[in-house]
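**Student:** build me a structure from this.
(one chain, ligands or ions: 1)
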Amino acid sequence: MILVTGATGQLGGAVIKQLQTLISPQQIVAFVRDEHKATQLREQGVALRIGTYDDPASLDRAMEGIETVLLIAGTDEEKRVQQHQNVVDAANRAGVGRIAYTSRALKDRSTLVNRLMDAHFQTEDYIKASGLTYSLFRNILYMDAIPQFVGGNPVFERGIVLPAGQGRVALALRSELGEAMANALACPMAGSVTYQLTGSASYSFDDIATALTELSGRSVTYTPVALAAFTAQLRARGLPDVMARRITDFITDIANGQEDTVTTDLETLLGRQPTGLADGLKSVFGY
Ligand SMILES: NC(=O)c1ccc[n+]([C@@H]2O[C@H](COP(=O)([O-])OP(=O)(O)OC[C@H]3O[C@@H](n4cnc5c(N)ncnc54)[C@H](OP(=O)(O)O)[C@@H]3O)[C@@H](O)[C@H]2O)c1
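**Tutor:** Alright, predicted model coming up:
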């Protein structure tokens, strides 16, 4: 049996959707914190185990009879290292055969500006030290996150203005990352593995602007700006310093090439080329 945490979230949902095509519903267990969000899963015959990453007793109950656990990274940036450790500890107590984790595909941990990303590497370290067999899925930035980066649909009037320089990102669709992870998890264990799941090309914001121009028929430009000017704009819009810093740190890492490595791991697990930028943005922007 495979336990998928974060099952009512978007990535967990994509994993379960694909697992349902590969194994029987009786082999899929969803760990959810809000039963009401999981009505559809229950109707599809997926067993629910209720709990949170903060509650070790609920995790112990959830792990009973489980061979593989997929830990979807939590969303609470302050607490998630401890939360992830709770899941790993429960998996160890239950003697599961494999733990999988959704980490991030970033080039160099030691030079990351966005220190919040270090939680993923701390979790990887903890998993490796646990002695459990593991599958680490280092996921690239979701293509689905591009509207947030470029300011949503107003991008078609205003263009893209970011301090990302000519930094490139090997974007991939979240649904395809979930599909690929499910394909890996449904296979028999082959020892511990680390996957770098990326698109089959990397893209600059110039490329994104060109793709948005082609899909909308309107001229979308990319204007790289200096970090200080961009930060001042965010503050002028009333964004609290903490939020402004989160955004600028993220974009600085992109400018520094932290997300530009391309691998074939996603393509191999999907058994086809991942969706490219033009088609991906079409679905993300609902064109
Ligand atoms: N690669 C990227 O570009 C990228 C972008 C954004 C996020 N991420 C990371 O990838 C993860 C999955 O992405 P997503 O799009 O699927 O996010 P999402 O839709 O927000 O899903 C997160 C899931 O985690 C569950 N969760 C959070 N805290 C929990 C806790 N304490 N106990 C139990 N469950 C908990 C949530 O439960 P509820 O359904 O009850 O809320 C939700 O199901 C995120 O959490 C984030 O760490 C990666």
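**Student:** can we go C-alpha only for contacts and neighbour counts from here?
**Tutor:** Will do.
**Student:** show me the strands in the stretch 101-250 of the chain, by range?
**Tutor:** If you assign secondary structure with DSSP state E, counting those that start in this stretch, the strands in the stretch 101-250 of the chain sit at 134-139, 160-162, 168-169, 193-197, 203-204, 222-224.
**Student:** list the contacts of Gly65.
**Tutor:** Going by Cα atoms under 8 Å, 6 or more residues apart in numbering, Gly65 touches Met1.
**Student:** and the pLDDT for the residue in the stretch 151-287 of the chain that the ligand sits nearest to?
**Tutor:** Taking Cα to the nearest ligand atom as the measure, the stretch 151-287 of the chain has Arg174 as its residue closest to the ligand, at 7.2 Å. As summarised for this prediction, Arg174 has a pLDDT of 98.
**Student:** get me the contact residues on the protein for the ligand.
**Tutor:** The chain has residues 6-12, 33-34, 52-54, 72-75, 104, 139-142 near the ligand, with proximity defined as Cα under 6 Å from any ligand atom.
**Student:** which of those fall within helices?
**Tutor:** Of the positions in the residues of the chain next to the ligand, Gln10, Leu11, Gly12 sit in helices, assigned by DSSP state H.
**Student:** which of those residues tops the neighbour count?
**Tutor:** The member of those surrounded by the most neighbours (other Cα atoms under 10 Å) is Gly12, with 25 neighbours in all.
**Student:** quick check: closest non-adjacent residue to it.
**Tutor:** On the basis of Cα to Cα, 6 or more residues apart in numbering, the spatially nearest residue to Gly12 that is not a chain neighbour turns out to be Gly6, at 5.3 Å.
**Student:** these two touch, right, that neighbour and Phe31?
**Tutor:** Yes - with contacts counted by Cα atoms under 8 Å, Gly6 reaches Phe31, the gap being 6.6 Å.
**Student:** what about these two, which has more around it?
**Tutor:** Under the criterion of other Cα under 10 Å, the comparison of Gly6 against Phe31 puts Phe31 first, with 28 against 22.
**Student:** state the pLDDT value of that one.
**Tutor:** Predicted confidence (pLDDT) for Phe31: 98.
**Student:** which of the helices or strands spans it?
**Tutor:** With elements delineated by DSSP states H and E, Phe31 resides in strand 28-32, which encompasses its position.
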